[in-house]
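> 3D, please:
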Amino acid sequence: MSATDHALAHEITMLYSDHHGWLRGWLRKRLGDAHQAADLAHDTFMQLLTRSQPVAVREPRAFLTTVAQRVLANHYRRQQLERAYLDALAVLPEAVAVSPEDRAIVMETLVEIDRMLGNLAPVVKRAFLMSQLDGMSHGEIASALEISVTSVKRYLVKAGEQCYFGAHGVVL
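Numbers count the residues shown, from 1 in each chain. As a prediction, this is how the structure comes out:
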């Protein structure tokens with residue numbers, strides 16, 4: 001373990017021991033659910049463990065609040081995706097029912113795609129989803145979004161690159 005890794009581990013250990021209870025309470029007030037709050041507090045500290053450099057936090061609660069707000073936003077976005085997916089499944093005939101295992105795999109895939117497309121402009125993301133999920137042609141997307149076909153093509157390339165390179169750990 002390098003000196004940097006040791007310093008980071010020590011910093012996170014101290015943050016956890018000094019502020020984990022407070023963070024769990026802060027999240028419980030926002031969520032109204034002690035179990036979800038505990039899960040998201042855990043996720044917040046897991047986010048910190050992915051860091052490569054210590055942060056030398058001067059205001060630990062403000063820092064943890066910022067990280068937890070991002071975790072909370074991801075939680076809400078995942079809930080939205082899950083609701084939309086379950087709504088789409090609800091209209092399928094029973095003969096096409098999806099197993100719980102397949103649902104979990106699809107849900108994880110949707111969350112990953114959402115993460116990869118997260119940095120794109122909303123119109124780029126929307127054009128990509130219209131193409132991939134709705135099967136719309138370039139002309140149909142252009143008409144629906146009131147943009148040119150050339151813009152649609154450019155947006156689809158940009159979103160495709162984001163998915164390809166994002167899936168391979170390349171930051172664009």
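> Backbone dihedrals for residue 133, please?
Dihedral pair for residue 133: phi -90, psi -40, per degrees, to the nearest 10.
> Please identify the buried residues of the helix or strand of the chain with the lowest mean pLDDT?
Using mean pLDDT, DSSP states H and E, helix 100-117 stands out as the lowest-scoring helix or strand of the chain, at a mean of 85. Along helix 100-117, these residues count as buried under the neighbour rule (16 or more other CB atoms under 10 Å): 110, 111, 113, 114, 116, 117. For the C-beta atoms, the positions are set from N, CA and C on the backbone; glycine is no exception.
> In contact with residue 39, which residues?
Not one residue lies near residue 39 by CB atoms under 8 Å, 6 or more residues apart in numbering.
> Can you report phi and psi for it?
Residue torsions, per degrees, to the nearest 10, at residue 39 are phi -60, psi -40.
> Now do it against residue 129, distance only.
28 Å (CB to CB, to the nearest Å).
> and residue 164, helix, strand or coil?
helix (DSSP: H, G, I helix; E, B strand; the rest coil).
> Count the residues that sit near it.
12 (other CB atoms under 10 Å).
> can you check residue 41 too?
For residue 41, the neighbour count with other CB under 10 Å is 24.
> Would you mind confirming that it makes contact with residue 16?
No. Judged on CB atoms under 8 Å, residue 41 makes no contact with residue 16 at a distance of 9.4 Å.
> mind checking how far the single longest helix found in the chain is from the chain centre?
What stands out as the longest helix in the chain, according to DSSP state H, is helix 60-90. Centroid displacement of helix 60-90 relative to its chain, using CA atoms, centre = their mean, to the nearest Å, is 7 Å.
> Check stretch 98-117 too.
Its chain's C-alpha centre and that of stretch 98-117 lie 11 Å apart, by CA atoms, centre = their mean.
> Also stretch 27-47?
16 Å.
> Look up how far residue 139 lies from residue 150.
11 Å.
> returning to what we had before: which other helices and strands contact the longest helix of the chain?
Contacts defined by 3 or more CB pairs under 8 Å, 6 or more residues apart in numbering; DSSP states H and E place helix 60-90 against helix 3-31, helix 34-49, helix 100-117.
> relative to helix 34-49, how tilted is the longest one?
Taking axes from the mean of the first three to the mean of the last three CA atoms, to 10 degrees, helix 3-31 and helix 34-49 form an angle of 160 degrees between their directions.
> now helix 3-31: mean pLDDT?
Helix 3-31 shows a mean pLDDT of 89.
> Buried residues, it. List them.
8, 11-12, 15-16, 19-20, 23-24, 26-28, 31.
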